[in-house]
Structure formats: structure tokens, C-alpha cells
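Novice: predicted model and sequence follow; I will ask about them next.
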Amino acid sequence: MRADFTAPLRLAGVYILFSAIWILSSDNLLVALVGDHEWVARLQTLKGLAFVLLSSLLIFYVSYRDRRAHRHLLDALRRNTRLLVQAQRNAALGLWEYNGHFRWSTEALQLLGRDEGSGVGNLEQFLTWLHPTDRPAVQRALLALFEQRTPLRIAVRLYQPHRSQTTWLMLRGDADEQGQVLGTLQEISNQKRDEVALRESEQRFRQLFEQTPRIAVQGYDKDRRVIYWNQASTLLYGFTLQEAMGKHLEELIVPPGARKQVAHAVNNWLLGGPPIPAAEVQLQRKDGARLWVYSSHLMLRNSRDQLEMYCVDIDLTEQKQIDNELRVSEARHRELVEQLSDVIFVTDLGGHLTFLNPAWEKLSGYVGYESLGRPLSQFFDGPDAARLQQQMSAVAGRERLIIRGEFRLLTRQGQLRWVEVQVSNTLPDDSLRGSLRDIHERYQAQQLQQARNAVLDELLARHPLKQILEGISLSLQDLNPHMLVSIMLLDEAFRLHVASGPDLPPDYRAAIDGIKADLEVGSCGHAARSGELVIAEDLSTHPYWTAFREQTQLAGLRACWSLPFKDESGRVLGTFAVYYRKPVRPSASDIALVTEFTRLAGLAVRQGMPDHPSAIDPLRD
């Protein structure tokens, strides 16, 4: 018989026996007292037996249900106990209790680095296991727990003089109303190391802003009050750190007419509205003077989950002043400058040149009289030539009165130069008249400034270095499609690795990845070793490229020149190379342009990889 039925049946049997004795005795008593009560006695007996039977069944049911519920409860308790033990093991959690002495669980002893013989001990013994610096604080916290029932939560270090890494433990404890003290012990070494790494990262990030004199960074809380103000902000706006802290953004640097608009835009962003885009804006200094900056904005959350806005400003005042002065000068001397420096041309309705002024030869390198009779579009780069011819046809057909646009002129030396072309159909002899203005330097300066801003934004946003270098390469290739750019980084073993080469054939990239940085090993190897510019205008004959001649021919590369970029101490970090599909020697303008992009690559590597090992010293033999 199942154990679940024994107790309920015993209870029911005793109750049935007692009830039967009582009913029979009561019936005899009734017969003795009453003469003829046979019918009544029979009814009473049946009723009593029925009552006893129903009561017994009810007692049996209740007892059985209680026992079964008790059994289920015990099973659940055992299961939860097993889960608790497993959770303690998985979480590296140990248990302890204190009742005049510490009692440590097996898991707690393992965390403390002690054997089973140390399972019971006093407070003094426990303190000797901890780092001497932490002992006073732990002792005070434990005494407060034992005497005042103050909850305990404290991070402590184990005393391990022979270990290189510190073991951190989180000690927790509580006392109940009866004074019994129970607690847990958990290892938090990884968490502590992560916290240290985070603090060091934040410190490096702060130093980056503090040590960059031309990038002004300010931080504002949710009420637009200053919470961060670097030295560059003081130099730019004139307010010291003490003067700026706690002041509202609009009170400090926003001109009066724009203060409400700025405050509304910031508040709207804080409430989930659209972010404030990066843009050129006019702000003001402490003395009221206006200045132009390129301002980027970031919204971050601090450790208390509160929103903070950071502004990163780059001074454009000098650039704006130069631009304004240039516009004034151009307005004052436009007619004279156009006649002396701009190319003036006349074509027939088919676009064939019939007149050119002397500025044409200086701009394009072609002799004027040799160019007459040829289509103007023939002197422009492929896609631009088709676009120019299409627009000139529209002017010739009177579909448009005038066109003005920027196109790439292909010079006699094979160089691309950006020019502004203007064509109109206003002459009575069915000819087209126009001008070419050289905007190459200005266009490149604008694109270079945009590239600088993009690199700075990506550095501040902590984008991956590979993505930043890829963007630099593509920006230069957009300026000059004839260039194929590669950026290589130097490792500790004096080898160069391709970090960016968006349009180089994959097989060629694989072939040059890991080449030795040494003299006469291609343009990049020689540049990295010598620390100087290397130009190979014909790869099929240049001696540095003998070992790579087959790979360059398969890749369709015919010329290459390379510039090294260095750190502040002059050590080479990598190389910036430009390839061409045909033999060519770079112009001074090309070298100047690529030099600026090389500096951008060097800045990205220095900021993106501050500990990048530079193994080549250009002054070393």
C-alpha cells in the first residue's frame, strides 16, 4: 500500500470504529429508555452509519490532499535548492553567516583561496585575508552590520602579494530581526578591470580634446548650462573655465538675435526632436566680436542617464575673412581679371573653337592657333566632355540662353584642372561666346576642407580607422579620377600592410600586402625606409619596381609615387601612394594636394591608433 494512503486510512478507521461504538451504545440506551422504538432505532442507526461513512470519506479526502500538497512542496523545495546551488556556482557566488564566528560555504572558500579547514573563523582571521589597505573599511562595515544591523555592501581586494593581478570580491550581508547575519561573496575582478579601462579611455578622450588647440569643445546639461569647457574654447571665445561653468549656452556665445531660436532647437532635440545638424554658424566672443565656426553637435547620456549635449567648434573666422576679402576684390576687379586671366573663347554652333585669348595656352598648355577648329569639349575629361557638349548644344539651339558649370579640363601634360565654364548665345553671327575660369586651387581647397571636416567628425565619433582611411582615399579619387590611391601602415617587423586601396585590383593588393620596408623595394618600401617622396613615372623601366613588374602589368598600373607620413617625432607610420593607368609625372599642384591628404592620413593614424608602432626611423642607417 502506498505511504500516501496509510495515514488517511488509519484516521478514517479509528473514526469509523469510534462512531460505530457510539451509535450502538446510543441505540441501546434509547431502547432501554423507550419501550417500543424499533422503527425509530433502525432509522437512527442507519442515519448514524451514513453520517460516519460520509465524515470518514471527507476526512480521508482532506488528509490525502494535504499529504499530497506537502509532498509537492517538498519536491519544489528540493528543485529550487538545486537551482540555487547551480546559480551560485555559475555566478561564482559564495555564502557566509556570522554568529560570533564566520561560517563559509565551499564556494566562498574557493573565492577566498582557502581550504576546507578554514570554513569556521573569527573576524580577525578574515581581515588577514584582505588587502591591508581595505581592512579598516571592512572592519567598520562589518561592526556596523553586527551591532547596528546596517546592510553591508563593500568591494574588497584579497591579499595576494605573489600574484600580478588583483582579485576583487563584493561582500554583501544583512541581519534579520533575531540578529542572525547572512551574506554572499562574489568575484568582481573583471568588472573592476573594465571600470579601470573605461576610466583610462575617458581620460585619453579628455586629453585628446584638451591637447588639440584648434578644436573647441563645450559640454552642456539638459538646461543648456556649461559642464565642460576646454582650453581651445577659452582661446576661441575669450571666456575662462571659471567664467563659463554654469552659464547658459545662449548667454555666452550666441548673438542676441539668435538666442531664442538656439534655445528652442536645443530643447526640441532634448525632447526627442530632430538633431541639430553640423553647419557653419556665426557666434560671438566675450568682447562681442562675431566669428564664424564649423559646429558639430553630439547628444550623449551620462552615468546618471541624463542627456548632455557636446559642441565641437572649428574656427572659420580667418577663412571667412579671406573669402570676404576675395569676393570684394573680385567685385572690384572682375572685368580686368576676366580679361587678363580668364580664357575667352568663341565657337561656332557646333562647338568648334574660332577664337582663343592668350590665357588659353597658360591654362591648358596647348598653343592657341593649334587648338582652333577643334571642338572645345575635346579638351575635357571623358564624362565632363560629353556633359559640356550636350549643354553647349542646348545653348546653340536656343533651349538655354546661358550655361555655367564646373568641368575638368585635361591639359596637354595629362593633368586634370577644374575650371568654371560659362557659355552664352548672344552674338548676332550665330556664334557661342564663353569663358573658362581656373578654379582648380579653390575647388581643391574646398574639397580638402570638407575632407578635413569629415576626418575630424569621424575621429570624434570614434569610427574605425579603416573606414576613415577608406574615406580619405575615395575623397582624393573623387577629386582626380585618374588617381588610384592606396594607404599602407608599417608594422613592428618593418613590413607594410594595405589599410586602404578601394580601386586597386584584389590580386595586386594581395601581392603587395606585407612587403618589406626597404630601399629600392617599390615606391612605398623605399619611401617608408628613406622617409622621402618617391616618384616612379614609368613602372616598366623604374629599377625599384623590377620585382613587381609582372604584377603591375597584370593590374594595368603604369606609374606610382609615394609619400610617407610620420608621427610627431619623425618616425614613419605608413605611406600614401598614388597610381596611374599610364606613365605620368605628377605636377607640383598634384604633389601639394596629395601632401595634404597624406597629412590627413597621418592625423587619422595618430589619433585612431595612438600606440601604433613605427619601426622605421628615417635617420637610421
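Specialist: Perfect, thanks for sending it.
Novice: tell me where this protein is predicted with low confidence.
Specialist: Applying pLDDT under 70 to the chain picks out residues 1-52, 54-55, 58-59, 61-62, 80-92, 198-213, 330-340, 426-428, 608-621.
Novice: where do the helices sit along the stretch 251-400 of the chain?
Specialist: Remark: helices assigned in the stretch 251-400 of the chain by DSSP state H, counting those that start in this stretch are 259-270, 317-340, 359-364, 368-371, 382-396.
Novice: centre of the chain to the shortest one, how far?
Specialist: In this case it means helix 368-371. 56 Å (CA atoms, centre = their mean, to the nearest Å).
Novice: can you check the first one too?
Specialist: What separates the centre of helix 259-270 from the centre of its chain is 26 Å, taken as CA atoms, centre = their mean.
Novice: now do that helix: everything it contacts.
Specialist: 220, 222, 224, 248-251, 254, 274-276, 299, 307, 309 (CB atoms under 8 Å, 6 or more residues apart in numbering). C-beta here means a position set from N, CA and C on the backbone, and glycine is covered the same way.
Novice: which stretches of the stretch 51-200 of the chain form helices?
Specialist: 106-112, 123-128, 135-148, 189-210.
Novice: in TSV: those, plus distance to Tyr98.
Specialist: Compiled in TSV, the helices of the stretch 51-200 of the chain are given as follows (distance: least, CB to CB, whole Å):
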stretch	distance to Tyr98
helix 106-112	12
helix 123-128	8
helix 135-148	7
helix 189-210	24
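Novice: quick one: closest of those to Gly288.
Specialist: Evaluated with CB to CB, the helices of the stretch 51-200 of the chain place helix 189-210 nearest to Gly288, the distance being 26.4 Å.
Novice: output the contacting helices and strands for the helix or strand just after that closest one.
Specialist: Helices and strands here follow DSSP states H and E; after helix 189-210, the next one along the chain is strand 215-220. Using 3 or more CB pairs under 8 Å, 6 or more residues apart in numbering; DSSP states H and E as the contact test, the elements touching strand 215-220 are strand 226-229, helix 231-237, strand 307-315.
Novice: any chance of these in JSON lines, plus distance to Asp381 and mean neighbour count?
Specialist: Converted to JSON lines, these look like this (distance: least, CB to CB, whole Å; neighbours: other CB atoms under 10 Å):
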{"stretch": "strand 226-229", "distance to Asp381": "48", "mean neighbour count": "20"}
{"stretch": "helix 231-237", "distance to Asp381": "41", "mean neighbour count": "20"}
{"stretch": "strand 307-315", "distance to Asp381": "33", "mean neighbour count": "19"}
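Novice: could you dump these into CSV and include distance to Arg259?
Specialist: Compiled in CSV, those are given as follows (distance: least, CB to CB, whole Å):
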stretch, distance to Arg259
strand 226-229, 15
helix 231-237, 15
strand 307-315, 15
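Novice: returning to that earlier point: and the helices of the stretch 251-400 of the chain: which comes nearest Ala555?
Specialist: helix 382-396 (21.0 Å).
Novice: contacts for the closest one, please.
Specialist: Contacts of helix 382-396 (CB under 8 Å, 6+ apart): 347, 349-351, 375-380, 400-403, 405, 407-408, 421, 423-425, 432.
Novice: using CSV, write out every CA atom in it.
Specialist: In CSV, the C-alpha atoms belonging to helix 382-396 read as follows (Å, rounded to 0.1, in the frame of the first residue of the first chain):
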residue,chain,number,x,y,z
GLY,A,382,35.6,61.9,-70.8
PRO,A,383,32.3,62.3,-68.8
ASP,A,384,32.7,66.1,-68.5
ALA,A,385,33.3,66.4,-72.3
ALA,A,386,30.0,64.7,-73.0
ARG,A,387,28.2,66.8,-70.5
LEU,A,388,29.7,70.1,-71.8
GLN,A,389,28.9,69.2,-75.4
GLN,A,390,25.3,68.4,-74.5
GLN,A,391,24.9,71.8,-72.7
MET,A,392,26.5,73.7,-75.5
SER,A,393,24.2,72.1,-78.0
ALA,A,394,21.3,73.3,-75.8
VAL,A,395,22.6,76.9,-75.9
ALA,A,396,23.2,76.6,-79.7
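Novice: and it, how far out from the chain middle?
Specialist: Taking mean C-alpha positions (CA atoms, centre = their mean), helix 382-396 and its chain are 44 Å apart.
Novice: next, the buried residues of that helix.
Specialist: For helix 382-396, the buried set under the neighbour-count rule, 16 or more other CB atoms under 10 Å, comprises Asp384, Ala385, Leu388, Gln389, Gln391, Met392, Val395, Ala396.
Novice: residues contacting the most centrally placed residue in the chain?
Specialist: The centroid of the chain falls nearest to Arg462 when counting by CA atoms, centre = their mean (4.8 Å). Applying CB under 8 Å, 6+ apart to Arg462 gives no contacts.
Novice: out of the helices and strands packed on strand 215-220, nearest to Gln282?
Specialist: Nearest of the helices and strands packed on strand 215-220 (CB to CB): strand 307-315, 11.6 Å.
Novice: parallel or antiparallel, which strands does the closest one pair with?
Specialist: Neighbouring strands of strand 307-315 in its sheet, by DSSP bridges, are strand 215-220 (antiparallel), strand 290-301 (antiparallel).
Novice: so which of those strands is nearest Gln165?
Specialist: Comparing the strands paired with strand 307-315 by CB to CB, strand 290-301 comes nearest, at 31.3 Å.
Novice: among the contacts of helix 382-396, which ones are buried?
Specialist: Among these, those classed as buried by 16+ other CB under 10 Å are 347, 351, 375-377, 379-380, 403, 407-408, 421, 423, 425, 432.
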